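Engineer: Need the 3D shape of this:
(2 chains)
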Amino acid sequence: MKIKLFNSLSRRIEDFKPVSNGEVRIYSCGPTVYNYAHLGNMRAFLFADLLQKVMKVIGKYKVKWVMNITNIDDKTIRDSQLNSSAWNAEMGVQTDDAFDNLIKLTRFYEEAFIDDIEKLGINRKDFFAMPRATDYIKEMQDLILKILKNDFAYISDGSIYFNVNNYRKTETYGKLFKIDFDNFVAGMRIDSDQYEREQANDFVLWKSYKEGEPFWDFEIDGKNYPGRPGWHIECSAMEKEILGLPFDIHTGGVDLKFPHHEDEIAQSKAGYGIEPTNYWCHNEFLEVEGEKMSKTAGNFFTIRDLEEKNLDTKDIRFALLSAHYRTKYNFTFAGIEAGHKARQRVQTFINSILKDITDQKKVISELEEKRELQTPKIQELQEKIFSELANDLHTPKALANLFLFINNNKPEELNQEEKIDFLYLMYQLNMIFNAWTFEEQKIVEIKIPDNIVEMAQRRADAKKQKKYDEADKLRAEIMDLGYQILDTKEGFEINKI
RNA sequence: GGUGCUGUAGCCAAGUGGUUAGGCAACGGUCUGCAAAACCGUCAACACCGGUUCGAAUCCGGUCAGCACCUCCA
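Structural biologist: Numbering: from 1, shown residues only, chains lettered A, B, ... in the order given. Below is the predicted model of the structure:
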């Protein structure tokens, strides 16, 4: 199915056409690993994951998905410095080697990051690569040399800056973000080091070495400029090296449009002579109870925080995916609960279908095999759901269609073929949403301890004799022991909670 | 100041000029001694004021309110 995407370059929804047939190359701005990623970060990564999954499942593309790990920047350096208060024992022992400390700290948070996204249903195996910035210093230096050679950069006080004014003579600076240059420059001068730069809005490509910081040698025309890369150059070099230019889609949060992505375009054009990508896709922010969530504001939740509050990470994924990625998502605990209920309703429906299938085991084991839908009813449902997802990843409408189907169809009214088709469709859909399970539904004989069964029996007897106080008391006791009594027409059931 | 976004029922959230978005909650019902679960049903909205139109949540103008980015930030 043809995919449509909103492209930040044109500010409209466009038909997606890959650079090479049948393959999509995606680069996603990844985390800066100086702390645990928070839920707001996660929305960006969930969006990127949604995109690559839709490309695979609905677009039938082969996907190369790259997400970088920014492990060198002001914050990773700050927090890894000797005697930093951000250091903890799990990272190891600090040495007087700044680079060694940097790697220890960032590897620690990198591992934590991957754990966290996997909890949210993002599979690390889906990444073609997760390059670390420090592994591509050479490539960054090569790009900087090219930009210098093309006269779009200058050296000042040991640092190297991009010359925006020169660039603007022949190129557009402000493709993703309309810039009012008069105002923009004036505003920027206040906080910037104007003595070092020809223009306040010139951004840094290479920062000169400072005492106690990790650094790399950089020889230009026989002279060494020890230092480290600027933030924007990292992505430009890595995406070219790993994916080649131009690749298909670059993702990130809306805040990255400027300056980060604007600068990526400029660097790539100025150095390689080509823009990095054909489609820029940006997700909107996540807010908490209507307020912006950010690292600096301190009102953020990490995945770990939410797990401590006993939230199911599957519910978090589902809730975030049930809003469109280009609208602000308002995170509330009530919203997560609503998402949980909604997700369970679908699961219940799937389970009732499974219950009615004659050879469940076989059907489940064959779900992952390629298969054409046979029944018009489910074909129609698939068409509705898939075309919504293909239309700029419209998950809310896709889910609305699913719920309409569930509301209008009873499991027992579907015939055997329709049931199998439905399961197959849901299996496909689950490759995107990662919210449901397909497990054999049987009357499971859970081992209930004898004393619990005995108590339940006593409660049933009490109930029969209309001694409800006693019955309720026993029910409460059983609940405290971790079991739940459910009355049925036949008698009662005991479930482990 | 510049750039941009948003304002839809109790809450969340789609809406591409005309026909039920959807979810949660609530309420009613089936089932229960009561519950729980499940299922069935009901319910409501378009910030405000003008305009265009046979018809506007949707287009245009204005007003008000909120938010974000321009500074590290997904």
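
Engineer: how many other residues sit next to the residue in chain A that RNA strand B sits nearest to?
Structural biologist: Nearest residue of chain A to RNA strand B (C-beta to the nearest atom of the strand) works out as residue A:253 at 1.5 Å. Every C-beta, even on glycine, is put in place using the N, C-alpha and C of the backbone. The criterion is other C-beta atoms under 10 Å. On that basis, residue A:253 has 20 neighbouring residues.

Engineer: do the same with the one 4 residues further on
Structural biologist: Residue neighbour count, defined by other C-beta under 10 Å, stands at 16 for residue A:257.

Engineer: tell me the contacts of the nearest residue to it once chain neighbours are set aside?
Structural biologist: Using C-beta to C-beta, 6 or more residues apart in numbering and skipping the chain neighbours, the partner closest in space to residue A:257 is residue A:176 (4.4 Å). Contact analysis of residue A:176 by C-beta atoms under 8 Å, 6 or more residues apart in numbering lists A:8-9, A:257-258, A:261-262, A:265, A:280.

Engineer: what would these look like in JSON lines with pLDDT and distance to residue A:364?
Structural biologist: Output for these, formatted as JSON lines (pLDDT from 0 to 100; distance: C-beta to C-beta, whole Å):
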{"residue": "A:8", "pLDDT": "88", "distance to residue A:364": "41"}
{"residue": "A:9", "pLDDT": "87", "distance to residue A:364": "44"}
{"residue": "A:257", "pLDDT": "86", "distance to residue A:364": "44"}
{"residue": "A:258", "pLDDT": "81", "distance to residue A:364": "49"}
{"residue": "A:261", "pLDDT": "90", "distance to residue A:364": "43"}
{"residue": "A:262", "pLDDT": "89", "distance to residue A:364": "49"}
{"residue": "A:265", "pLDDT": "93", "distance to residue A:364": "47"}
{"residue": "A:280", "pLDDT": "92", "distance to residue A:364": "40"}
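
Engineer: Now list the buried members of these.
Structural biologist: A:8, A:257-258, A:261-262, A:265, A:280 (16 or more other C-beta atoms under 10 Å).

Engineer: Show me the subset of those residues that also lies near RNA strand B.
Structural biologist: Among the buried ones among the contacts of residue A:176, the residues lying close to RNA strand B (C-beta under 7 Å from any atom of the strand) are A:257-258.

Engineer: can the buried ones among the contacts of residue A:176 go into a markdown table with extra columns for distance to residue A:131?
Structural biologist: Shown next, in a markdown table, are the buried ones among the contacts of residue A:176 (distance: C-beta to C-beta, whole Å):
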| residue | distance to residue A:131 |
| --- | --- |
| A:8 | 23 |
| A:257 | 22 |
| A:258 | 24 |
| A:261 | 18 |
| A:262 | 22 |
| A:265 | 19 |
| A:280 | 20 |
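
Engineer: can you list the buried ones among the contacts of residue A:176 in TSV and add secondary structure?
Structural biologist: What follows is the buried ones among the contacts of residue A:176, written out as TSV (DSSP: H, G, I helix; E, B strand; the rest coil):
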residue	secondary structure
A:8	coil
A:257	helix
A:258	helix
A:261	helix
A:262	helix
A:265	helix
A:280	strand
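
Engineer: Let's verify residue A:135: helix, strand, or coil?
Structural biologist: Quick answer, by three-state DSSP: residue A:135 is helix.

Engineer: Any figure for the gap between it and residue A:270?
Structural biologist: Taking C-beta to C-beta, to the nearest Å as the criterion, residue A:135 is separated from residue A:270 by 23 Å.

Engineer: same check, this time on residue A:385
Structural biologist: Here the distance between residue A:385 and residue A:270 works out to 44 Å (C-beta to C-beta).

Engineer: Show me what from the stretch 351-497 of chain A comes close to RNA strand B.
Structural biologist: A:394, A:396-397, A:399-400, A:403-404, A:407, A:410, A:463, A:468, A:471-472, A:475, A:484-487, A:489.

Engineer: what's near enough to touch the residue lying closest to residue A:371 once chain neighbours are set aside?
Structural biologist: Closest residue to residue A:371 apart from its sequence neighbours, by C-beta to C-beta, 6+ apart: residue A:424 at 5.5 Å. Contact partners of residue A:424, counting by C-beta under 8 Å, 6+ apart, are A:367, A:371, A:373, A:378.

Engineer: now do residue A:351
Structural biologist: With C-beta under 8 Å, 6+ apart, residue A:351 has these contacts: residue A:441.

Engineer: Need the pLDDT of residue A:109.
Structural biologist: Residue A:109 carries a pLDDT value of 95.

Engineer: That one sits in which helix or strand?
Structural biologist: Assessed by DSSP states H and E, residue A:109 sits inside helix A:98-119.

Engineer: Among the contacts of residue A:176, which pair sits farthest apart?
Structural biologist: For the contacts of residue A:176, the farthest-apart pair by C-beta to C-beta is A:9 and A:258; their separation is 13.2 Å.

Engineer: just how off-centre is the helix or strand harbouring the residue nearest to residue A:371 within its chain?
Structural biologist: Secondary structure from DSSP H and E places residue A:424 in helix A:416-433. Taking C-alpha atoms, centre = their mean, to the nearest Å, one finds the center of helix A:416-433 at 24 Å from the center of the full chain.

Engineer: same thing with stretch A:420-437?
Structural biologist: Here the centre of stretch A:420-437 is set off from its chain's centre by 20 Å, with C-alpha atoms, centre = their mean.

Engineer: Name the residues of it that come out as buried.
Structural biologist: Result for stretch A:420-437 [16+ other C-beta under 10 Å]: buried residues A:420-430, A:432-436.

Engineer: Let me see the contact set for the closest residue to residue A:158 other than its chain neighbours.
Structural biologist: Excluding its sequence neighbours, the residue lying closest to residue A:158 (C-beta to C-beta, 6+ apart) is residue A:208, at 3.1 Å. When contacts are counted by C-beta under 8 Å, 6+ apart, residue A:208 touches A:157-159, A:225-227.

Engineer: So of those, which two are at opposite extremes in space?
Structural biologist: A:157 and A:226 (13.0 Å).

Engineer: mind listing the helices for the stretch 351-497 of chain A?
Structural biologist: A:360-365, A:376-390, A:395-408, A:416-433, A:450-464, A:468-480 (DSSP state H, counting those that start in this stretch).

Engineer: Residue A:215: which of those helices is closest?
Structural biologist: helix A:416-433 (43.9 Å).

Engineer: what angle sits between the closest one and helix A:395-408?
Structural biologist: 150 degrees (axes from the mean of the first three to the mean of the last three C-alpha atoms, to 10 degrees).

Engineer: my read: residue A:285 touches residue A:254, true?
Structural biologist: Yes - if you go by C-beta atoms under 8 Å, residue A:285 and residue A:254 touch, sitting 6.6 Å apart.

Engineer: ok, residue A:332 - how many residues close by?
Structural biologist: 14.

Engineer: residues contacting it?
Structural biologist: Residue A:332 neighbours (C-beta under 8 Å, 6+ apart): A:288-289.
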